[in-house]
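Asker: Fold the following.
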Amino acid sequence: MGMTEGAIHLRDFPPFIRFELEGRFRQKVFAKFLKNLSEVEVDLPPEDFWSSAEEEFERSRYELVFGKVRGRILKTLEESPLRAKDIVERNPNLSPNSIYHAIIWLKDQKHLKKRVGCWELKKDYFEHVRVSDLAKVILNV
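Answerer: Got it, this is the predicted structure:
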């Protein structure tokens, strides 16, 4: 069994162990990789990047990263906190059910917080450019 600089690689295990590890082990490794990738920041001036992306794709930075429904909710909350009912009224082209589900998802992902009955946007997301954001913008082409 060979080891490289104290690290044990999957190929270092005998084939019968590799077979047992393939499903769950590889899934865990891939999930960990994706989580770490989403946290990597790119050394670009954030405001320059996001302004250029919005101009190029004619969509808000929120929609580019979070998709149509979630992006429109975040864009709606950009100026001031609102009640869910007000968010629905300001987005008549989106179904109320989709909006409510998206609000819960955004809260669970810590992009929104509720204060005194109103949903409020956490404004720090676009202070950095992440590798995962670059990929989402590129894939929107």
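Asker: Which residue ranges make up the domains of this protein?
Answerer: 10-39, 46-139 (automatic domain parsing).
Asker: so where is this structure shaky, pLDDT-wise?
Answerer: Counting by pLDDT under 70, the ranges of the chain that qualify are 1-27, 30-31, 33-42, 140-141.
Asker: any idea how far the closest residue in space to residue 54 that isn't next to it in sequence lies from residue 79?
Answerer: The shortest distance from residue 54 to any non-neighbouring residue, by CB to CB, 6 or more residues apart in numbering, is to residue 61 (5.6 Å). C-betas here are computed from N, CA, C, even on glycine. Using CB to CB, to the nearest Å, one gets 15 Å for the distance from residue 61 to residue 79.
Asker: Which one of those two is surrounded by more residues?
Answerer: For the pair residue 61 and residue 79, the greater number of neighbours falls to residue 61 (23 against 8), based on other CB atoms under 10 Å.
Asker: right, and that one touches residue 126 too?
Answerer: Yes. Between residue 61 and residue 126 there is a contact under CB atoms under 8 Å: 6.0 Å.
Asker: where exactly do the strands run in the protein?
Answerer: 41-42, 112-115, 118-121, 129-130 (DSSP state E).
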